[in-house]
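Enquirer: Mind folding the following:
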Amino acid sequence: MRSSNPYAAPVSDFAWEIAEGADRDNWLEKSFLWLMFSFRGRLPRLGYWAACLVVGIAYCTTIFVCTKFIQSRDVQSVVLLTVMLPLWWSTLAISVKRWHDRDKSAWWLLLGIVPLIGPLWCLIEQGFLRGTYGPNNYGRET
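Expert: Prediction:
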């Protein structure tokens, strides 16, 4: 669903793929929800690092607010639980999409539980190695 206007600004296929079936003004919100909560599709390195930065800032802000401004341990527990569960889900979704970009299944997440070598391998694979060229088993290149 591209514009037929030859003078329109170029828009990536990624943006239109996300907005398919939605109104054009709402595609940014849909892409953010896809990035943070969907387990489908592929995510390039830049998107991975940007999403990790957003999630990391949210983690640190939540912990800072709970320790500095909330005195009750019960309230701290409730706040941490309600904020950390969606952040944990987002972390999983981001990692799954990054493994998909490398043309590997989400089961590769389990590599992270191997002591010492696992997290290092995951960091190199997800953060520094390029995804596969062109389409793979998990969709088109974004």
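Enquirer: What helices and strands are in contact with whichever strand or helix holds V55?
Expert: According to DSSP states H and E, V55 maps onto helix 45-69. Here helix 45-69 touches helix 27-37, helix 73-101, helix 117-127, going by 3 or more Cβ pairs under 8 Å, 6 or more residues apart in numbering; DSSP states H and E. For every residue, glycine as well, the C-beta is placed using N, CA and C.
Enquirer: Just give me how far that helix sits from the chain centre.
Expert: 13 Å (Cα atoms, centre = their mean, to the nearest Å).
Enquirer: and if you look at stretch 131-142?
Expert: 16 Å.
Enquirer: Could you do stretch 94-110 as well?
Expert: That offset, for stretch 94-110, works out to 11 Å (Cα atoms, centre = their mean).
Enquirer: Which positions within that stretch qualify as buried?
Expert: I94, S95, V96, K97, R98, W99, H100, D101, R102, K104, W108, L109 (16 or more other Cβ atoms under 10 Å).
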